[in-house]
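Peer 1: The sequence isn't on hand, but the structure is:
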């Protein structure tokens, strides 16, 4: 079995693991929210109903992994990897979000709002262990497409993209912190015993305990709609507008917001804000993020009304209309602005049965996992000597391994290294930004040789030239993408 087959089987196994983990966790949290008890995968000690992984994993894991690269390998060795990671991350999430955006009307018609909300966070599950996805160093991937980008363009695009990302993400965080501070300043704790009793009863019904400190409940004159804010359990606070509510309205409001708390939806809002900043110059990403935020609210509407009669549904719709307002920062709010309420009102009044869609989610994460991380970038196009920095392509000796052989006895020494040198000097190639992983001789014909100028060894396969050198007593390699197919018949004439 070839290295490529082993790697493909490993990725397939990992994709299947993610698929089973996602669907199993969604099914468990769905059962938990619908009162079906039992051994639950995905429901933690504080009875949260996050599906599989908290969405905060993605941005923090990416930052952590890039930091490790910079710490151990330095900027020179890491910059190509970081740029490739950024491009692949942006490319995959942009394409994925746009596809979900266009399929969303059909998804909403057939599947539950909880399922639709889960589709938006699938990238979290794919990127949470980058070493599995981005192992460019040792594993051959001969089918990976390679895109050429001039070095000047790389640095220009990187600076523009990073500048836009940093500005938008910093503004998001600043706006969130300012809004949070404003709410705390212009609010006061709820002291009405009747309201507090309803709050405690709904928490008890949802089995939400106060593990560290009581969940905050406050009135504020600065908002028109109930909302929950806070990135940690210790500072989660639900704010209510200054107005009178009936007991039924309070139960509906509290059930909605506490389900957001159970699902850590403020973390999902942070993830969506991160994605928005990541694709700041992609207009469809902005639209997709808005739709994803709607699905968060729709999924809470869905669970709040799971056993509701027509009268309660009508009451809930009236409540949404009466407290319509905008969400700000990384907050969840019961009722968004009026222009986004149309679909929610239709869904609220309707009691149509929808499917959970586990097979579709399973298939989506399998395909996404196999497609992600397959893009490589190259730069510095030219002849071999121009790209590698060598003054000569002369070789001291060379050997040829025909396709389908990987044993030493299959080696064919080449008696005319000068003709091979001339052949190499005419090759058009580009510098890989990340390691490619050369294929073994069992996968492709291979030319092996030693360079006369430096004594370095090299391997030439169908589309990759790898030059090995010893630096500080450690073996390292430089890799180059061969832009045109190698003429193996010409090489064989040097036998």
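Peer 2: Perfect, thanks for sending it. Every value quoted in this text rests on a predicted model; they were computed, and no experiment measured them. Residues are numbered from 1 along each chain as shown.
Peer 1: Every contact and neighbour count from this point should use C-alpha atoms.
Peer 2: OK.
Peer 1: Run through the strands of this structure in chain order.
Peer 2: In the chain, the strands defined using DSSP state E lie at 146-148, 187-189, 216-220, 227-229, 237-241, 332-333, 376-383, 395-401, 412-413, 428-432, 446-451, 457-460, 464-471, 474-482.
Peer 1: Kindly reformat those strands as TSV and extend each row with distance to residue 76 and mean pLDDT.
Peer 2: Formatted as TSV, the strands of the chain follow (distance: least, CA to CA, whole Å; pLDDT from 0 to 100):
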stretch	distance to residue 76	mean pLDDT
strand 146-148	19	83
strand 187-189	51	94
strand 216-220	48	93
strand 227-229	41	93
strand 237-241	45	93
strand 332-333	42	82
strand 376-383	15	86
strand 395-401	28	86
strand 412-413	37	82
strand 428-432	14	89
strand 446-451	25	89
strand 457-460	22	89
strand 464-471	15	85
strand 474-482	13	84
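Peer 1: which one of those strands is the most hemmed in?
Peer 2: Stretch with highest mean neighbour count among these: strand 332-333 (a mean of 28; mean count of other CA atoms under 10 Å).
Peer 1: From the contact counts, what lies against that strand?
Peer 2: Secondary-structure packing of strand 332-333 (3 or more CA pairs under 8 Å, 6 or more residues apart in numbering; DSSP states H and E): strand 227-229, helix 247-262, helix 265-278.
Peer 1: Ok, which of the ones you listed comes nearest residue 99?
Peer 2: Residue 99 lies closest to helix 265-278 among the helices and strands packed on strand 332-333, at 14.9 Å (CA to CA).
Peer 1: I'd like the strands of the chain as CSV, with distance to residue 367 appended.
Peer 2: Shown next, in CSV, are those (distance: least, CA to CA, whole Å):
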stretch, distance to residue 367
strand 146-148, 20
strand 187-189, 48
strand 216-220, 42
strand 227-229, 35
strand 237-241, 39
strand 332-333, 31
strand 376-383, 19
strand 395-401, 35
strand 412-413, 41
strand 428-432, 26
strand 446-451, 32
strand 457-460, 32
strand 464-471, 27
strand 474-482, 27
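Peer 1: residue ranges with poor pLDDT in the stretch 1-150 of the chain?
Peer 2: 1-4, 7, 37-47, 127-144 (pLDDT under 70).
Peer 1: again, but for the stretch 201-350 of the chain
Peer 2: The stretch 201-350 of the chain contains residues with pLDDT under 70 at 209-213, 326, 335-346, 349-350.
Peer 1: how much space between the closest residue in space to residue 19 that isn't next to it in sequence and residue 95?
Peer 2: Closest residue to residue 19 apart from its sequence neighbours, by CA to CA, 6 or more residues apart in numbering: residue 362 at 4.8 Å. Relative to residue 95, residue 362 is positioned 19 Å away (CA to CA, to the nearest Å).
Peer 1: of those two, who's got more company?
Peer 2: residue 362 (20 against 13; other CA atoms under 10 Å).
Peer 1: Of the helices and strands packed on strand 332-333, which is nearest residue 325?
Peer 2: strand 227-229 (10.0 Å).
Peer 1: which non-adjacent residue is nearest the residue nearest to the spatial centre of the chain?
Peer 2: Centroid check for the chain by CA atoms, centre = their mean gives residue 123 as the closest residue, at 3.2 Å. Leaving aside its sequence neighbours, residue 123 sits nearest to residue 93 (CA to CA, 6+ apart; 6.8 Å).
Peer 1: again, but for residue 289
Peer 2: Excluding the flanking residues, the one nearest residue 289 by CA to CA, 6+ apart is residue 272, at 6.1 Å.
Peer 1: same question, residue 423
Peer 2: Spatial nearest neighbour of residue 423, chain neighbours left out: residue 491 (7.8 Å); criterion: CA to CA, 6+ apart.
Peer 1: per-residue pLDDT, the one you found?
Peer 2: Confidence at residue 491, expressed as pLDDT, is 83.
Peer 1: Count the neighbours of residue 327 for me.
Peer 2: Residues lying near residue 327 (other CA under 10 Å) number 20.
Peer 1: Report the separation between it and residue 357.
Peer 2: 29 Å.
Peer 1: which residues touch the residue nearest to residue 120 when sequence neighbours are not counted?
Peer 2: Using CA to CA, 6+ apart and skipping the chain neighbours, the partner closest in space to residue 120 is residue 292 (6.3 Å). Applying CA atoms under 8 Å, 6 or more residues apart in numbering, we find residue 292 in contact with 117, 120, 272.
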